[in-house]
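In: Next comes the sequence, and after it the predicted model I'd like to discuss.
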Amino acid sequence: MTELTNELLFDRARRVLPGGVNSPVRSFRSVGGTPYFVSHGEGAHVWDVEGRRYIDYVMSYGPAILGHANPAVVDAIAAAAGDGTSYGAPTLREIEMAEELCDRVPGLEMVRLVSSGTEATMSAIRLARGVTGRDRILKFAGHYHGHADALLAAGGSGVANQGLSGCDGVPAGAVADTIVAPWNVIPELDDSIAVVVLEPVPANMGLVPPRQGFLQELRDACTRHGVLLMFDEVITGFRLTRGGATEWSGITPDIWCFGKVIGGGLPVGAYGASREIMSFVAPLGGVYQAGTLSGNPLAMAAGLAQLRRLTDGAYEQLEATATLLADGLRSAFAGAGLAAVVPRVGPLVGLFFADRQPLDFDEAQAAADNGVYPQFFHGMLDRGVALAPGAYEVLFPSLAHTDALIDTTVEIAAEVAAELVAGA
Ligand SMILES: *Cc1c(COP(=O)(O)O)cnc(C)c1O
């Protein structure tokens with residue numbers, strides 16, 4: 001039997017998968033080198049096929065908020081699987097999931113469950129257009145809302161780190177009604193616009209929080225012009241707080257999108273709103289949207305098991321862990337004399353190798369593309385800490401990241417930072 005190596009698997013993968021991966025940012029294209037192929041994960045760690053262990057801050061880009069292979073989630077999936085994996089008929093768990101989401105988010109009264117964040121935002125845009133009878137939508141540069149045609153323009157995350165300004169294969173007509181506005185500036189609105197969509201705490205261009213008062217001003221501007229406000233909470237939902245960005249900000253949007261955390265690592269998304277707005281969705285209304293695997297029993301079981309563990313105490317722990325990490329990284333960089341800012345919002349931690357916190361996508365790009373991140377990334381990876389292989393992502397500390405693991409991470413970061421400064 002030949003040994004599995006990352007190199008061998010990458011060669012094999014590239015023959016049958018574009019770039020060797022099923023999502024571009026995983027390819028290491030923006031940091032260089034060979035991706036590690038994961039054999040398994042447990043708690044805060046993943047192991048690659050060569051047996052190397054990493055403290056993981058990718059955490060599936062958010063879903064693994066309890067840590068990898070949490071026993072409650074694994075058991076729930078196993079138990080559900082024994083009863084069949086999909087029926088094409090409604091089930092109790094879908095009601096329980098919808099109730100759980102509505103219970104947590106003030107103003108959210110009904111949801112439609114789908115199979116990914118992309119599907120949620122895509123469907124929610126259709127809903128907003130159906131409700132208002134207006135075609136145009138407005139998004140902010142650097143915000144990522146999945147890969148639906150109308151929302152790809154000036155996207156963050158992988159769209160940004162693959163060096164794409166837009167996307168080939170998207171017809172001009174598909175984005176003709178998409179307006180892209182700079183983040184943290186109140187855009188001009190009028191009655192041709194159906195919806196303003198945003199990440200309430202943007203985490204796909206690094207972490208670039210809204211400036212003080214911005215969300216309230218945006219809420220007011222939307223209300224004034226009859227424009228719906230949509231929070232894409234695929235990252236922030238049930239991560240920032242028990243009630244997500246709505247509870248965190250005190251601002252209530254008209255439509256919400258969720259994903260990542262609510263699936264416990266299985267493919268899930270959801271969009272929701274008031275009962276009045278959701279009554280436009282088929283079969284109640286004329287906005288059609290469907291899915292063979294929507295509300296999938298395994299995904300519901302995993303998501304419910306995960307959400308039920310996300311108590312107020314869990315959010316306090318997540319925030320304390322993130323604070324320890326952010327404070328530790330800041331002092332590590334300061335000690336080494338490496339210019340860096342480490343923004344933190346609740347349990348989300350960002351990282352820019354820059355002199356000051358970026359306030360919009362242009363500033364985030366300047367900070368992300370200065371060449372420091374790939375060196376830092378590889379320094380960390382070589383020493384057993386896995387960050388996302390792209391400067392536009394954030395760190396996702398989980399409930400499995402102990403203080404000792406955070407301390408280890410910070411010590412390693414100090415070592416790598418010193419090495420970068422010495423080599424510069
Ligand atoms: C990840 C993400 C999406 C897309 O979700 P997928 O499940 O990858 O389709 C949409 N919006 C935001 C804010 C995200 O972070």
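Out: Perfect, thanks for sending it. Nothing here was measured: the structure is a model prediction, and the numbers come from that model. Numbering: from 1, shown residues only.
In: Counting neighbours, what do you get for the nearest residue to residue 91 once chain neighbours are set aside?
Out: With sequence-adjacent residues excluded and distances taken as Cβ to Cβ, 6 or more residues apart in numbering, residue 91 is closest to residue 297, at 5.9 Å. Heads up, the C-betas are built off the backbone N, CA and C, glycines and all. By the criterion of other Cβ atoms under 10 Å, residue 297 has 21 neighbours.
In: Quick check: residue 297 vs residue 74, distance?
Out: Look at residue 297 and residue 74: by Cβ to Cβ, to the nearest Å, they are 15 Å apart.
In: pLDDT value on residue 152, please?
Out: For residue 152, the pLDDT comes out at 86.
In: Identify the residues contacting it.
Out: Residues near residue 152 by Cβ atoms under 8 Å, 6 or more residues apart in numbering: 159, 166-167, 170, 175.
In: next one: residue 290
Out: residue 282.
In: where does residue 379 fall, phi/psi-wise?
Out: Note on residue 379: its backbone torsions stand at phi -60, psi -40 [degrees, to the nearest 10].
In: Residue 414 is in contact with that one, correct?
Out: No - the criterion here is Cβ atoms under 8 Å, and residue 379 misses it with residue 414 at 10.8 Å.
In: Residue 59: neighbour count?
Out: 25.
In: That one and residue 194: what is the separation?
Out: Separation of residue 59 from residue 194 (Cβ to Cβ) stands at 34 Å.
In: any idea how this protein splits into domains?
Out: Per automatic domain parsing, the structural domains of the chain span 6-69+311-423, 71-307.
In: Redo the ones you listed as a markdown table? Include distance to the ligand.
Out: Shown next, in a markdown table, are the domains of the chain (distance: least, Cβ to the nearest ligand atom, whole Å):
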| stretch | distance to the ligand |
| --- | --- |
| domain 6-69+311-423 | 6 |
| domain 71-307 | 2 |
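In: for residue 354, helix, strand, or coil?
Out: What DSSP: H, G, I helix; E, B strand; the rest coil gives for residue 354 is coil.
In: ok, now which ones touch the residue nearest to it when sequence neighbours are not counted?
Out: In space, residue 354 comes closest to residue 367 once its chain neighbours are excluded; the distance is 3.7 Å by Cβ to Cβ, 6+ apart. With Cβ under 8 Å, 6+ apart as the criterion, the residues that contact residue 367 are 206, 352-354, 358, 391.
In: from those, which is closest to residue 185?
Out: Distance to residue 185, by Cβ to Cβ, is smallest for residue 358 among those, at 13.8 Å.
In: Let me see the ranges of the strands in this protein.
Out: Ranges of strands within the chain are 38-42, 45-48, 53-56, 110-114, 136-140, 178-181, 193-198, 228-232, 255-258, 269-273, 344-345, 348-349, 385-386, based on DSSP state E.
In: Can you add mean pLDDT and mean neighbour count and give the ones you listed back as TSV?
Out: As requested, the strands of the chain are exported to TSV (pLDDT from 0 to 100; neighbours: other Cβ atoms under 10 Å):
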stretch	mean pLDDT	mean neighbour count
strand 38-42	98	15
strand 45-48	98	20
strand 53-56	98	21
strand 110-114	98	24
strand 136-140	97	24
strand 178-181	94	18
strand 193-198	98	25
strand 228-232	98	27
strand 255-258	98	28
strand 269-273	98	28
strand 344-345	98	22
strand 348-349	98	23
strand 385-386	98	20
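In: Check pLDDT for the contacts of residue 152 and point me to the minimum.
Out: residue 159 (68).
In: which residues of the stretch 1-150 of the chain fall in helices?
Out: Shown for the stretch 1-150 of the chain, the helices assigned by DSSP state H, counting those that start in this stretch span residues 6-16, 71-81, 92-104, 117-132.
In: Show me the shaky parts of this protein.
Out: Judged by pLDDT under 70, the chain has its weakly predicted residues at 1-2, 157-165, 424.
In: again, 80 this time
Out: Within the chain, the stretches with pLDDT under 80 are 1-2, 153-166, 424.
In: Contacts only, for the residue most central in space within it.
Out: Among the residues of the chain, the one closest to the centroid is residue 235, at 3.6 Å (Cα atoms, centre = their mean). By Cβ under 8 Å, 6+ apart, the contact list for residue 235 reads 61-62, 199, 201, 203-204, 260, 348, 394.
In: Please apply the same query to residue 251.
Out: By Cβ under 8 Å, 6+ apart, residue 251 lies in contact with 200, 215-216, 219, 245.
In: What sits closest to it if chain neighbours are left out?
Out: Of all residues beyond its chain neighbours, the one nearest residue 251 is residue 215 (4.4 Å), with distances taken as Cβ to Cβ, 6+ apart.
In: and that neighbour, what is it in contact with?
Out: Neighbours of residue 215 in contact, by Cβ under 8 Å, 6+ apart: 200, 249, 251.
In: so, if you compare the residues you listed, which one comes nearest to residue 341?
Out: Comparing the contacts of residue 215 against residue 341 with Cβ to Cβ places residue 200 closest, at 20.4 Å.
In: What's the local residue count around that closest one?
Out: Around residue 200 there are 29 residues (other Cβ under 10 Å).
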